[in-house]
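>>> sequence and predicted model, in that order:
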Amino acid sequence: MVIKEQLPASETLRTLFEQSPLAFQVISPEGNSLLVNRAWEELWGVSHEALANYNLLKDQQLIDQGIMPYIEKGFAGQTILTPEVEYDKSAATGTSGLVGKLWVRTFIYPLKNAEGKLREVVLIHEDVTKIKQAGESMQLAAAVYQASAEGIMVTDEDNRIVDVNPAFTRITGYTLDEVIGKGPEIMQSGKHDQALDQQMQKAILNENYWQGETWDRRKNGELYARWITISVIRHADGSVYRHVWQFSDITEKKRKDELIWTQANFDQLTNLPNRRLLADRLHQAMSASTRSGEHCALMLLDLDQFKRLNDTMGHSVGDAMLVEVARRLQGCVREDDSIARLGGDEFVVVLHELSANEDMAAVQAEVVAEKIRAELSHPYQLDGVEYHTTPSIGIVTFRGHRDSKEKLLTHADTAMYQAKTNGRNAICFFDPSMQAALEKRNQIETALRKALAHQELVLHYQLQVNNAGQPLGVEALLRWNKPDFGIVSPAHFISVAEETGLILPIGQWVIKTACAQLARWQSDPNLENLSIAVNVSARQFREKTFVAQITEVLEESGINPERLKLELTESMVLDNVEDSIVKMGLLKKLGVKFSMDDFGTGYSSLTYLKRLPFDQIKIDRFFVRDITTDQNDAAIVQAIIAMANSLRLDVIAEGVENEEQRGFLQLHGCLAYQGHLYGKPLPIDELERKVSG
């Protein structure tokens with residue numbers, strides 16, 4: 001039974017017992033709890049009243065089984081200090097008191113009477129939970145310190161190294177013995193200026209903390225990048241006790257980040273800045289010119305006929321040329337100027353720090369552009385073969401942010417387009433009138449796409465006759481039946497179709513439509529022997545799938561292939577003679593006929609003519625027009641007819657307007673004609689009525 005009256009009479013001892021931070025419990029020799037103090041109740045979460053029927057030796061709820069032998073020794077008269085034991089409060093008490101884990105160390109002290117018999121046993125419990133946890137925390141911290149992947153270096157108040165962890169040694173190559181007592185400066189790279197040191201010292205002084213990226217040197221002399229955090233530990237009086245340096249080696253991460261940045265901002269083929277980085281460089285140029293008042297210039301250039309070279313000779317040759325172009329461009333500008341590749345064969349040059357006078361700045365830009373034009377026009381020796389190309393260059397000068405980056409590029413592109421229109425291998429400055437022309441071109445492109453989708457394109461047919469005026473066939477001529485305008489000649493839209501690539505679906509439509517017409521004529525006795533000549537664009541002929549496309553149309557239409565005649569220009573077939581021979585040969589085996597259009601208007605094809613499987617040569621209207629009045633034209637036409645006859649090729653003359661021209665042609669052996677003398681191009685229904693009538 002717990003009775004406070006059993007306490008010693010001394011008030012001092014009573015106060016000491018009650019207020020002691022140690023948990024006291026007095027046990028009778030039989031194991032009953034006689035007395036506990038406030039610290040005991042707080043420790044176990046059990047009031048002294050709840051212990052009225054509690055027996056330590058029988059119930060053992062508050063005693064760990066591991067220390068029962070020590071309890072028994074105490075009851076046997078021995079003074080014992082038990083080891084630290086972990087308790088679960090709720091499990092130990094079986095009550096709803098405080099729960100949780102605690103560590104307790106118990107002092108067991110037996111009290112004996114004058115005869116030496118056991119009177120009571122005093123259990124003094126000391127809560128060592130915080131000490132135990134602190135020890136465990138220190139062990140954990142030590143384990144983390146040793147196992148950390150980050151290098152850790154500890155320096156004293158004078159910034160001398162006192163300890164390092166294994167990761168420090170792995171990263172730097174230095175062991176603790178090699179650095180203890182030394183300063184961190186033994187690892188300095190020398191890459192940082194005083195500003196960084198001052199920033200670091202200021203942050204440590206004011207905030208007890210600094211974090212950032214630095215370069216250091218390993219023991220073997222190798223430089224490496226690290227991300228470092230420096231923390232200061234201070235005494236209670238504010239004086240420095242230790243500096244803790246934690247760092248990780250980010251060299252590889254920086255290398256990967258730089259690689260990603262390079263891949264995102266530089267062209268992989270030429271190593272020039274790409275469109276993304278150009279935007280930044282252009283912004284810098286605009287800002288710099290605002291501050292200085294000086295002009296800059298933006299040049300946009302591409303390589304004339306590059307796509308043809310790339311398609312015919314292969315991408316490896318094209319890529320090699322682009323690399324060489326990039327190298328030559330770098331030799332044409334100053335170090336502070338910018339060069340970029342936008343993609344394909346398009347390059348941009350930004351000239352900085354030109355004159356504050358706009359006219360003088362334009363002159364300076366033109367000088368550089370002429371230098372670029374000359375350099376890029378020199379022959380290219382690629383894999384032992386000589387190739388040629390020339391640039392078309394558009395230029396716009398600017399100062400400040402008056403126009404956006406996008407607008408400057410658009411203006412330069414407009415000027416470059418004008419340079420191509422002027423004959424290629426040219427330089428052209430932007431002026432506002434070009435914008436109007438560009439807008440008109442864009443309107444034509446939009447309308448042409450709509451025309452394709454809404455079937456506004458039609459074919460007109462012009463008769464081709466023999467010497468007796470009897471129909472041999474027709475030439476299919478493209479027209480645009482514009483709803484709000486009427487019939488539009490291809491002269492107004494074919495160049496836009498070529499530039500935009502619309503010529504490919506248009507050309508395919510023309511061939512399909514012509515073959516469908518031939519299929520219908522096969523059942524008409526008046527028309528079944530007519531052929532249809534179709535003009536093929538250079539871009540269409542260069543397509544790798546050209547032969548397959550024609551073959552597919554022939555199979556779908558079911559026509560006699562001999563009734564289809566494809567007109568090719570001499571410049572088109574001579575652009576890649578071997579490829580032309582293969583394509584023409586494959587279609588020739590199917591029965592398709594070929595006519596050389598505009599013969600004599602390009603460069604000489606006499607060397608190759610006998611190798612190319614043509615069936616016919618068409619004399620251009622340019623020579624026919626003045627054959628009765630111009631001796632030179634007459635001589636040229638006679639030579640063409642004679643050559644064709646010697647090669648057993650048919651000859652047809654276009655642009656025959658009168659009987660005098662026809663008579664001259666007949667006299668010299670040309671027996672097929674096309675021109676207004678026999679009728680203008682007609683819609684299909686009018687043509688059929690004319691032939692049948």
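That came through, no problem.
>>> apart from its neighbours in sequence, what residue is nearest residue 325?
The shortest distance from residue 325 to any non-neighbouring residue, by C-beta to C-beta, 6 or more residues apart in numbering, is to residue 376 (6.1 Å). All C-beta spots, glycine's among them, are computed from the backbone N, C-alpha and C.
>>> and the helix or strand that neighbour falls within, what does it pack onto?
Under the criterion of DSSP states H and E, residue 376 resides in helix 358-377. On a contact count with 3 or more C-beta pairs under 8 Å, 6 or more residues apart in numbering; DSSP states H and E, helix 358-377 meets strand 296-303, helix 315-330, strand 346-351, strand 391-398, strand 427-429.
>>> so after that helix, what's the next helix or strand?
Later in the chain than helix 358-377, the nearest helix or strand by DSSP H and E is strand 380-382.
>>> burial measure for the residue nearest to residue 325, as a count.
Number of residues near residue 376 (other C-beta atoms under 10 Å) recorded here: 23.
>>> would you confirm that it contacts residue 327?
No - using C-beta atoms under 8 Å, residue 376 is not in contact with residue 327, being 10.7 Å away.
>>> roughly how far apart are the most centrally placed residue in the chain and residue 349?
By C-alpha atoms, centre = their mean, the chain has its centre lying nearest to residue 264, at 5.2 Å. Remark: distance between residue 264 and residue 349 (C-beta to C-beta, to the nearest Å) = 22 Å.
>>> what about the residue of the chain most remote from its centre, which SS state?
Distance to the chain centre peaks in the chain at residue 115, reaching 97.2 Å (criterion: C-alpha atoms, centre = their mean). Following DSSP: H, G, I helix; E, B strand; the rest coil, we place residue 115 in the coil state.
>>> show the pLDDT at it.
For residue 115, the pLDDT comes out at 84.
>>> repeat that for residue 231.
92.
>>> wait, what's in contact with it?
208-209, 243-244, 246 (C-beta atoms under 8 Å, 6 or more residues apart in numbering).
>>> same deal with residue 497?
With the criterion set at C-beta under 8 Å, 6+ apart, residue 497 makes contact with 448, 503, 506.
>>> okay if I get these as JSON lines plus distance to residue 581 and pLDDT?
Shown next, in JSON lines, are these (distance: C-beta to C-beta, whole Å; pLDDT from 0 to 100):
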{"residue": "448", "distance to residue 581": "33", "pLDDT": "92"}
{"residue": "503", "distance to residue 581": "23", "pLDDT": "94"}
{"residue": "506", "distance to residue 581": "26", "pLDDT": "95"}
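>>> tell me which of these is nearest to residue 424?
If you rank the contacts of residue 497 by distance to residue 424 using C-beta to C-beta, residue 503 comes first, at 18.3 Å.
>>> do I have it right that the closest one meets residue 496?
No - under the criterion of C-beta under 8 Å, residue 503 is not in contact with residue 496, lying 9.2 Å apart.
>>> would you mind giving both backbone torsions of the residue farthest from the centre of the chain?
phi -80, psi 0 (degrees, to the nearest 10).
>>> repeat for the one 4 residues further on
With angles defined as degrees, to the nearest 10, residue 119 shows backbone torsions of phi -100, psi -50.
>>> so it touches residue 77, yeah?
No - with contact defined as C-beta under 8 Å, residue 119 does not count as touching residue 77 (10.9 Å).
>>> and residue 34, how many residues sit next to it?
17.
>>> which one is it nearest to, not counting chain neighbours?
Nearest one to residue 34, counting by C-beta to C-beta, 6+ apart, is residue 26 at 4.5 Å.
>>> what is the helix or strand hosting the one you found packed up against?
Residue 26 belongs to strand 23-27 when assigned by DSSP H and E. Packing partners of strand 23-27 (3+ C-beta pairs under 8 Å, 6+ apart): strand 33-36, helix 38-44, strand 118-127.
>>> the helices in the stretch 51-200 of the chain, which residues?
Remark: helices assigned in the stretch 51-200 of the chain by DSSP state H, counting those that start in this stretch are 56-59, 68-75, 89-93, 129-147, 166-172, 176-179, 194-207.
>>> thanks a lot, catch you later.
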